[in-house]
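*Asks:* got a sequence here, can you build the structure:
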Amino acid sequence: MSPPSAAINANNLDQELSDIAKAFKDNIPFHATGQRKQRSSIVGIFLWQDQMTAQAAETAKELSDIAKAFKDNIKLEDRKYRLTTYKNCFVGNDAVDHLISSGQAPSRADAVALGQALQATYLFEHVTRDHQFKDERLFYRFLDEKERGTYKIDAATGQAVNWSNFLAPASAHGEDASDSSSLQPSLPQPDLEALSSNDVHVASKVWPLDENNIALLNNVHPPEWQDPVSKKNDNQYDLVVIGGGTAGLISAAGSAGVGARVAMIEEHMLGGDCLNVGCVPSKAIIHSANLAHTIRGDMAHLNNAGIFVDPSAVRVDFERVMERIREVRSKISHHDSAERYSKELGVEIFIGRGKFTSERTIEVNGRTLQFKRAAIATGGYPTLIPMPGLKELYDQSTKPATEAQPRPIIMTNETIFNMTKQPKNMVVIGAGVIGMELAQAMQRLGTAVSVMGRSGKVLPKEDEDMADIVKQQMIKDGVTFRLGVEKYTKIELTGKVLDNGYPEMKMTILEKGATSGSTEIFFDALLVAAGRRPNVTGMDLELAKVEYDTKKGILVNDKLQTSNSRVYGVGDCCSDFKFTHAADFMARAFIRNALFFGKEKMSNLLIPYATFTSPEIASVGLYGKDLDERGIEYKIIEKHFKDNDRAILDDKTDGFVRFRVDSKGTILGASIVGEGAGNMISEVTLAMQSKTSIGALAAVIHPYPTTAEVLRQSGDIYNKTRLTTTVKTLLRGIVKLQF
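*Replies:* Numbering: from 1, shown residues only. You can find the predicted model right below:
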């Protein structure tokens, strides 16, 4: 027998083949002519299905039998390599010998292939998880499926418990109501009473529970997850991480990858904000919005290129837009899943709330874990503004809708991606990154959007003239701005339910300089994007002697250590740089500092960031206001896209690049506003990281035509500023001497 290259799940294959066969049988037409021949062909298909299903089951059973014999007969010993002793392990060469001598494989190459197939079933792993199974003197250990946490098995079915087990009958009320004129399906609701206390809060924050969200939750918050089973009650860990977002995931995986015993505790959803409610879903909706805008919202651009489209013939299917978001999120979610981190990366996963019980212990689900080092990576959460009526409506918005009380659409970034129907009018409170990105996306998808703020500015951290380019494009898109709000007086329901099933709301505001009193605004959706706070409460940090501030977060030094030198802070919970990539590199610095006596400093990280509006805006390093405050002299070098050939060809000439440099050409900071700014800022970041001056960028050859040429051309502009009158005279003299 030629051994399989990977484990086969016969149950899954059987279901897939059954579904294909059913669809085939339900849709194939039968005609009077040649009916017998057609039926004969179809019978052949179903016979093929039965054969394939039987073959899959037979292969899976055979592999299972081989695995059992392999585990029963392989000799296990404590083995030493250099200064480390690995207990109860076997050697790759010896395992190959056994597979050949037992008749399971005819050759050493076949034995290696079979061994890799067994390894893919998580039967065993390399002792440091560095190698596949090989015919070499490498050490491997058998895995206990419960040692890092595992799915609960339903005794009745023999299958892992998943979120499908907790769905009540489909709802036909509120937001998901169905009538004869609606194309919206009724969707199943979670049976909250059947869920464990560790799972119920997740079900109340994620809806609808369609196949995509069920797949997501099965990956990032498996229901009734079984905690790791420690051997000999060994609860001593090299590292315990609280929080399973980007910072926690990188900290845990990186530490486990270098041999540390790591426990990771997550109460909500693995993947954190980025996967579930941030980067991933927001960029998915922006993708759909930009496509819609290109086809129907930017007719002058299309017409100028010789393309004529009837905009009335283009329709946005908002339900499908949101479904695609859930699809791509669920596909990506395996990367951050409990299964991957426990089985592939060697991290022990606990689903629950972690609390410190002393300076060196953490309790989760009634079990006390002792740690040598701990990382707090609990991220942050969106805040609501103090407006009468808002908290009550927000609480109502997260509860299941009923026929008598439809769910009001009061959202933060944590719930906006739960929408299934399109709002008619949406208000966004907050003109920062989240507010601006989602406001433009919703406007381009067909919702009338109004952005509100107090400061009179948008994207306040960016240079005002650059941020204004983004604002002006959004105004062209149809977004309205009210940026002089003095007071948010109140918000209330009007008692009217619109034909999309959303309750209408009314907000009363007082604007600066208003002469006619208060303004009333009517809408059916509200996004509050007015800021975030670090998630630092509820962990009993006082018992660990970890100092924190509810506004600033975990207080850390430049090496990310807290007031307890064994405990570190990583990511949004302790940093002003609340970006996924910042959390990633903070985690890398933490690993070096906590485990390897490193001296990495947070202040040394050069962190670029981008706002994915259209046009994009991206920055790295110091702004002009920072340099002014520090008393650092600098000059500005700018190059506009209107002078760039590729931008002219693409009809994307809005925007420019701005460098801030010192007298020697050292780049102190840079900002770009324009098409593709988020990609271009990386080249500037590399130049700054490698101490490449702006003048040296002039010597970097860029393909023509590309918008990134503005970076090289900025170097040319800087070099020309260094040509003093004396230098020019000298150069002219040298030219005249040529013959």
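
*Asks:* tell me which residues form a beta bridge with Y488?
*Replies:* Assessed by DSSP bridges, Y488 has beta-bridge partners I509.

*Asks:* distance check, it against K231.
*Replies:* 57 Å (Cβ to Cβ, to the nearest Å). (Each C-beta comes from the backbone N, C-alpha and C, glycine too.)

*Asks:* when the two are compared, which one has more neighbours?
*Replies:* Using other Cβ atoms under 10 Å as the criterion, Y488 and K231 rank with Y488 on top: 20 against 8.

*Asks:* you'd agree that one is up against T519?
*Replies:* No: applying Cβ atoms under 8 Å as the test, Y488 and T519 come out as separate, 10.9 Å apart.

*Asks:* which residues are in contact with both of those two?
*Replies:* I509 (Cβ atoms under 8 Å, 6 or more residues apart in numbering).

*Asks:* flag the shaky bits of the stretch 601-739 of the chain, pLDDT-wise.
*Replies:* 727, 739 (pLDDT under 70).

*Asks:* all the strands of it, residue numbers only.
*Replies:* With strands called from DSSP state E, counting those that start in this stretch, the stretch 601-739 of the chain shows them at 609-611, 616-621, 635-640, 656-661, 667-674.

*Asks:* redo the ones you listed as a markdown table? Include distance to I648 and mean neighbour count.
*Replies:* Below are the strands of the stretch 601-739 of the chain laid out as a markdown table (distance: least, Cβ to Cβ, whole Å; neighbours: other Cβ atoms under 10 Å):
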| stretch | distance to I648 | mean neighbour count |
| --- | --- | --- |
| strand 609-611 | 23 | 21 |
| strand 616-621 | 18 | 24 |
| strand 635-640 | 11 | 16 |
| strand 656-661 | 14 | 24 |
| strand 667-674 | 12 | 26 |
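
*Asks:* for those, which one sits closest to T157?
*Replies:* strand 609-611 (46.9 Å; Cβ to Cβ).

*Asks:* tell me what that closest one is packed against?
*Replies:* Judged by 3 or more Cβ pairs under 8 Å, 6 or more residues apart in numbering; DSSP states H and E, the packing partners of strand 609-611 are helix 433-445, strand 616-621, helix 677-689.

*Asks:* which strands border that strand, and is each parallel or antiparallel?
*Replies:* Partners of strand 609-611 in its sheet, by DSSP bridges: strand 616-621 (antiparallel).

*Asks:* the partner strand vs helix 677-689, what angle?
*Replies:* Angle of strand 616-621 versus helix 677-689, following axes from the mean of the first three to the mean of the last three Cα atoms, to 10 degrees, is 10 degrees.

*Asks:* where in the stretch 101-250 of the chain is pLDDT low?
*Replies:* 167-204.

*Asks:* can you give me the helices for it?
*Replies:* For the stretch 101-250 of the chain, applying DSSP state H, counting those that start in this stretch gives helices covering 108-120, 200-203, 211-220, 246-257.

*Asks:* can I get the CA coordinates of the first one in CSV?
*Replies:* Presented in CSV, the C-alpha positions along helix 108-120 are these (Å, rounded to 0.1, in the frame of the first residue of the first chain):
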residue,chain,number,x,y,z
ARG,A,108,12.8,3.8,4.1
ALA,A,109,11.4,6.5,1.9
ASP,A,110,7.9,5.0,2.3
ALA,A,111,8.4,4.7,6.0
VAL,A,112,9.2,8.4,6.2
ALA,A,113,6.1,9.3,4.2
LEU,A,114,4.0,7.1,6.5
GLY,A,115,5.6,8.6,9.6
GLN,A,116,4.8,12.1,8.3
ALA,A,117,1.2,11.1,7.8
LEU,A,118,1.1,9.9,11.4
GLN,A,119,2.7,13.1,12.6
ALA,A,120,0.0,15.1,10.7
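
*Asks:* and that helix, which residues are buried?
*Replies:* D110, A111, V112, A113, L114, G115, Q116, A117, L118, Q119, A120 (16 or more other Cβ atoms under 10 Å).

*Asks:* beyond the helix or strand encompassing F70, next helix or strand please.
*Replies:* Assigned by DSSP states H and E, F70 belongs to helix 35-73. Sequence-wise, the next helix or strand downstream of helix 35-73 (DSSP H and E) is strand 77-81.

*Asks:* which strands or helices does that next one pack on?
*Replies:* strand 84-91.

*Asks:* quick one: the strand it packs on to strand 77-81, angle?
*Replies:* Going by the same axes, to 10 degrees, strand 84-91 makes 120 degrees with strand 77-81.

*Asks:* related to what we said a few turns ago, so for I475, which of the helices and strands packed on strand 609-611 sits nearest?
*Replies:* Relative to I475, the nearest member of the helices and strands packed on strand 609-611 by Cβ to Cβ is helix 433-445, separated by 10.0 Å.

*Asks:* what is that closest one packed up against?
*Replies:* Partner elements for helix 433-445 (3+ Cβ pairs under 8 Å, 6+ apart): helix 279-292, strand 425-429, strand 448-452, helix 464-477, strand 525-528, strand 609-611.

*Asks:* can you lay out the ones you listed as JSON lines showing distance to P406?
*Replies:* Formatted as JSON lines, the helices and strands packed on helix 433-445 follow (distance: least, Cβ to Cβ, whole Å):
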{"stretch": "helix 279-292", "distance to P406": "23"}
{"stretch": "strand 425-429", "distance to P406": "16"}
{"stretch": "strand 448-452", "distance to P406": "20"}
{"stretch": "helix 464-477", "distance to P406": "29"}
{"stretch": "strand 525-528", "distance to P406": "12"}
{"stretch": "strand 609-611", "distance to P406": "34"}
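
*Asks:* out of those, flag the one nearest F597.
*Replies:* The closest of the helices and strands packed on helix 433-445 to F597 is strand 609-611. By Cβ to Cβ, the value is 30.5 Å.

*Asks:* strands of the stretch 101-250 of the chain, start to end?
*Replies:* Using DSSP E, counting those that start in this stretch, strands in the stretch 101-250 of the chain cover 124-126, 139-142, 167-171, 187-190, 236-242.
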